[in-house]
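>>> Below are the sequence and a predicted model; questions follow.
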Amino acid sequence: MSVRQRVVGTLAHYDHRFWTLFGVQLIVAVGFGAAMPFVSIYLHNVLGVSMTFVGTIMLASALVAAAGRIIGGEIADRLGRRPLLIGGMSARVLVFGLMAYVIHSGASALVVGGVFLLVRWAGAMVRPGLSAMVADVVEPKRRVEAYALFRIGANAGWAVGPAIGGFLVSTSYALLFLLTTFASLIGLLMVIFLTRESIRAAETERFAVRRLLDAVHDLRFLVFCVWSVLLFLVMGQFASTLAVFSTKIVEILESQLGILFTINGLVVVLFQWPAARLSDRLGIRWGLILGCLLYALGYFSVAFATGFPFLIGSMVIITLGEVTFSPTSMAAVANMAPEVRIGRYMGFFGLTEALGWSLGPFIGGVLFDVLSPIPVALWGIIAALSVTAAAGFAFTFREEREHNSKSLVN
């Protein structure tokens, strides 16, 4: 059997709803990627606010997004995936349209920042529904592979979006958000006309605010999230500590930094599929461990960077850690969650991710201020966090057997 036949045969195993969600993810990512990289630039360069103000907005948006994921996960479990996706995508259309309007009308930074928080809320609400529907329509043994394909769609969109945004921004910042509005509208129509409800058993317990965090009572899942926070702290160095170190200490050009980020997207698109296949063969336990160790190796190697070519190698290793860990961790969450609470577990895991990505730049910034003259110490501490996470996952999933992902179910 040829490689093409094997690939076609593998892809044919997936429900058509999965491919619809893949398309939604791709289209929405193009629009989102076209606009989001330019929000900070618009606030600072056009409206003239300080970077402290910009940083405050970004931190607040991360917290808002975390809350949105928790609420979205609860809605997905109680009302269904499809109502959440329709409602969330409709909200995205409205808030992106509003963002285009306030920018076109020359609104103040406070108004633009406030609407941006609504943008992040609407986007975050949708994500647990998308992730939960993937878990609904894909059998457990294929979930690592499925979430890997899902990430390919998102990263392909992010690779295309900023290029489009860079072209449109020379004309008008408002056009960026009109594009995102249009992309969200297409995604909404795809959900309405091409998907049907996938939930098999809805949450029936009486709603209570305390139940939004009910997943913490699952000790194994809670421990998994603790180790995940450590790795998300490491991931959070990507666009902060790594970027500053590369330009200030290694002294590469900003244009070269942009190329590094482009390489990240290309490696994801090219290697996500084979990495997922490898993780599937290794099992979830070893997929998580390998991802953490690759992150550790990639970031520690930055300490020895002498120029742009060396950083390219470091970025490739870091990205290989990303393509190994990310879909494996999503599959682990889906497999640990009771069927009626997949959305809630996805939402809580999203909160974990937001916590790590929010604290990561702060911790990295403190380490940079103190240890930038000693790169081995700076990146050694960051790598040690990743190695600690690897050890934690090894202990937490020590009972897992190769190709037996169902053993993760409580």
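Noted; the coordinates are in hand.
>>> Just the residues contacting the helix or strand encompassing W227, thanks.
Under the criterion of DSSP states H and E, W227 resides in helix 219-235. Outside of helix 219-235, the residues within contact range by CB atoms under 8 Å, 6 or more residues apart in numbering are 215-216, 291-292, 295-296, 299, 322, 325, 329, 332-333, 336-337, 345, 348-349, 352-353, 355-357, 359-360, 363, 382-383, 385-386, 388-389, 392-393, 396, 410. Bear in mind the C-beta positions are built from the backbone N, C-alpha and C, glycine included.
>>> from the chain's centre, how far out does that helix sit?
When C-alpha coordinates are averaged (CA atoms, centre = their mean, to the nearest Å), helix 219-235 and its chain have centres 15 Å apart.
>>> Which elements pack onto the next helix or strand after that helix?
In the C-terminal direction, the helix or strand that comes right after helix 219-235 (DSSP H and E) is helix 241-244. Helix 241-244 is packed against helix 342-371, with contacts defined by 3 or more CB pairs under 8 Å, 6 or more residues apart in numbering; DSSP states H and E.
>>> List the buried residues in the helix it packs on.
342-361, 363-364, 367-368, 371 (16 or more other CB atoms under 10 Å).
>>> which outside residues touch the next helix or strand after that helix?
Next along the chain after helix 342-371, taking DSSP H and E as the criterion, comes helix 375-396. Where contact means CB under 8 Å, 6+ apart, the residues beyond helix 375-396 that reach it are 220, 223-224, 226-228, 230-231, 233-234, 237, 241, 245, 249, 285, 288-289, 292-293, 295-297, 299-304, 321, 364, 367-368, 371-372.
>>> For helix 375-396, C-alpha coordinates in CSV please.
Output in CSV follows, covering the C-alpha atoms of helix 375-396 (Å, rounded to 0.1, in the frame of the first residue of the first chain):
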residue,chain,number,x,y,z
PRO,A,375,22.5,32.4,29.9
VAL,A,376,23.2,28.9,31.1
ALA,A,377,21.6,29.7,34.4
LEU,A,378,18.6,31.5,32.8
TRP,A,379,17.7,28.8,30.3
GLY,A,380,18.8,26.0,32.6
ILE,A,381,16.1,27.0,35.1
ILE,A,382,13.5,27.2,32.4
ALA,A,383,14.5,23.8,31.0
ALA,A,384,14.4,22.4,34.5
LEU,A,385,10.7,23.3,34.8
SER,A,386,10.1,21.2,31.7
VAL,A,387,12.1,18.3,33.0
THR,A,388,10.2,18.4,36.2
ALA,A,389,6.9,18.3,34.2
ALA,A,390,8.2,15.3,32.3
ALA,A,391,9.0,13.5,35.6
GLY,A,392,5.5,14.4,36.9
PHE,A,393,3.8,13.0,33.8
ALA,A,394,5.9,9.9,34.1
PHE,A,395,4.7,9.3,37.6
THR,A,396,1.0,10.3,37.0
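>>> residues of that helix that come out buried?
Neighbour counts over helix 375-396 (16+ other CB under 10 Å) mark 375, 378-379, 382-383, 385-390, 392-393, 396 as buried.
>>> so which of those residues comes closest to I263?
For I263, the closest of the buried residues of helix 375-396 turns out to be W379, at 18.9 Å, with distances computed as CB to CB.
>>> And the strands in this structure, which stretches?
Secondary structure of the chain by DSSP state E: no strands are present.
>>> residue ranges with poor pLDDT in the stretch 251-400 of the chain?
254-255, 258, 399-400 (pLDDT under 70).
>>> Would you mind listing the buried residues in the helix holding W227?
Using 16+ other CB under 10 Å as the test for burial, helix 219-235 gives 221, 224-225, 227-235.
>>> And for stretch 103-113?
Within stretch 103-113, the residues scored as buried using 16+ other CB under 10 Å are 103, 107, 109, 112-113.
>>> how about JSON lines for the residues you listed, with distance to K141 added?
Written out in JSON lines, the entries for these read as follows (distance: CB to CB, whole Å):
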{"residue": "I103", "distance to K141": "47"}
{"residue": "A107", "distance to K141": "50"}
{"residue": "A109", "distance to K141": "50"}
{"residue": "V112", "distance to K141": "46"}
{"residue": "G113", "distance to K141": "45"}
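>>> My read is that S198 contacts L85, right?
No. With the criterion set as CB atoms under 8 Å, S198 and L85 do not qualify as a contacting pair; they are 10.2 Å apart.
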